[in-house]
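S.K.: Sharing a model that was predicted from the sequence below.
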Amino acid sequence: MRRFIFGLGVVSETESAFDQVQYLEVSADQAGQRIDNFLLSRLKGVPKSRVYRLLRKGEVRVNKGRIRPEYRLIEDDIVRVPPIRVSKKETVAPGRSLRGILAKSILLETEEFLVINKPFGLAVHGGSGINLGVIESLRAMREPHDYLELAHRLDRDTSGCLLIAKSRRVLKHLQDQMRQRSMDKRYITLVSGRWAKERREVNAPLLKQTVASGERIVRANSEGKPSLTRFKLLKHYANASLLEVKLETGRTHQIRVHCQLVGHPLAGDPKYGNENFNQGIRTIGLKRLFLHAAQLSFTSPATGERVKVEAPLPDELENLLKQL
């Protein structure tokens, strides 16, 4: 085993293999999950194409029978997984610094869920060149058998309330609330210019595109998905406005693109922002996107009571407002 120490994580390179037949019993929390997703979540390091080939060839069996990738598991099903060789793979574990940051960021934890105040600059999950995200780090910090899954996502450059489910049943309940729009997500942002008090919503479909470099770009487009954002003016500054934002839909970069669309791009936004405005506000201390998930409200799956969690504005954003 080789180990490499990075700023926030430890990278280990190992030879791993699922070299024996596995018989996995489906729990109540796992019931209802598709077999392909069930396998992908457990066969870490196995290419997705390999997992689907195992299913297609009938090498994975449920209760001794062949199944299709869309089969949904039932409690007490027995899943047989054949031996699988896995090539060398790098795995990353959070270092002491990141563990400390995440431990201090917990806003609320129950037996059902966990809410953290996600730091700016930290991705919620690995991928696309990012080895380590919030969810992988938290899993590494907990017992190996603990279930942790993102109930929703935040952009890497957005800080604030991030909700994590501690069972599949709770995850489904929370995701149902998002689909039914009963989960209330509020953001605080600073935008350029003088926002009109009477402008209370932007309703414009958004279309996500990926350019040749792999970068995601979102534009208002009639062929896109319906997208609705509500706004409340909190304060005017000399050449900027502080807003509370409520998301009615959860599209990629929704707040950033809707604000740009009406001529008020977010402060510090490198993708959709105004460079002159960004340069000016950078001189008084803003070194990040001014977008913070300040409040999250949802129904507890266990008690049916309303839960409200608030994440205070980070010091660097509070200090900027004082400078303004």
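M.R.: Received it, and whenever you're ready, just let me know what you need.

S.K.: how does this structure divide into domains?
M.R.: Following automatic domain parsing, one gets these domains for the chain: 18-87, 90-173, 182-323.

S.K.: mind putting these in JSON lines, mean pLDDT and mean neighbour count included?
M.R.: All C-beta spots, glycine's among them, are computed from the backbone N, C-alpha and C. Shown next, in JSON lines, are those (pLDDT from 0 to 100; neighbours: other CB atoms under 10 Å):
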{"stretch": "domain 18-87", "mean pLDDT": "85", "mean neighbour count": "15"}
{"stretch": "domain 90-173", "mean pLDDT": "88", "mean neighbour count": "18"}
{"stretch": "domain 182-323", "mean pLDDT": "94", "mean neighbour count": "17"}
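
S.K.: Show me the helices in the stretch 201-324 of the chain, by range?
M.R.: Secondary structure of the stretch 201-324 of the chain by DSSP state H, counting those that start in this stretch: the helices cover 254-261, 275-282, 315-323.

S.K.: any idea how far Leu291 is from Leu98?
M.R.: Separation of Leu98 from Leu291 (CB to CB, to the nearest Å): 22 Å.

S.K.: Please read the previous query as pertaining to Val51.
M.R.: On the measure of CB to CB, Val51 and Leu291 end up 36 Å apart.

S.K.: cool, His125 as well?
M.R.: 19 Å.

S.K.: Gly268 too?
M.R.: In terms of CB to CB, Gly268 sits 8 Å off from Leu291.

S.K.: try Ser167
M.R.: From Ser167 to Leu291 the distance is 30 Å (CB to CB).

S.K.: What of Phe231?
M.R.: 13 Å.

S.K.: would you list every one of the strands in the stretch 201-324 of the chain?
M.R.: Using DSSP state E, counting those that start in this stretch, the strands of the stretch 201-324 of the chain run over 201-203, 206-210, 216-220, 228-236, 240-247, 291-299, 306-310.

S.K.: ok, and the closest non-adjacent residue to Val245?
M.R.: Tyr187 (4.3 Å; CB to CB, 6 or more residues apart in numbering).

S.K.: let me fix that: Lys64
M.R.: Nearest residue to Lys64 in three dimensions, chain neighbours excluded: Arg80, at 7.4 Å (CB to CB, 6+ apart).

S.K.: now swap in Tyr147 and tell me
M.R.: Ser167 (5.4 Å).

S.K.: In the stretch 51-200 of the chain, what residue spans correspond to strands?
M.R.: Counting by DSSP E, counting those that start in this stretch, the strands of the stretch 51-200 of the chain are 61-62, 65-66, 78-81, 84-85, 89-94, 106-109, 113-118, 149-150, 159-165, 184-192.

S.K.: And Gly280, how far from Arg216?
M.R.: The value you get for Gly280 to Arg216, if CB to CB is used, is 27 Å.

S.K.: And Lys104, by the same measure?
M.R.: Per CB to CB, Lys104 is found 31 Å from Arg216.

S.K.: Please apply the same query to Leu107.
M.R.: Relative to Arg216, and taking CB to CB, Leu107 is found at 28 Å.

S.K.: and if you look at Arg85?
M.R.: From Arg85 across to Arg216, the span is 34 Å (CB to CB).

S.K.: again, but for Leu40
M.R.: Taken as CB to CB, the span from Leu40 to Arg216 is 22 Å.

S.K.: same thing with Ala238?
M.R.: On the measure of CB to CB, Ala238 and Arg216 end up 33 Å apart.

S.K.: before we move on, what about Ala294?
M.R.: In terms of CB to CB, Ala294 sits 24 Å off from Arg216.

S.K.: got a list of what Cys161 touches?
M.R.: 107, 115-118, 185, 293-296, 309-311 (CB atoms under 8 Å, 6 or more residues apart in numbering).
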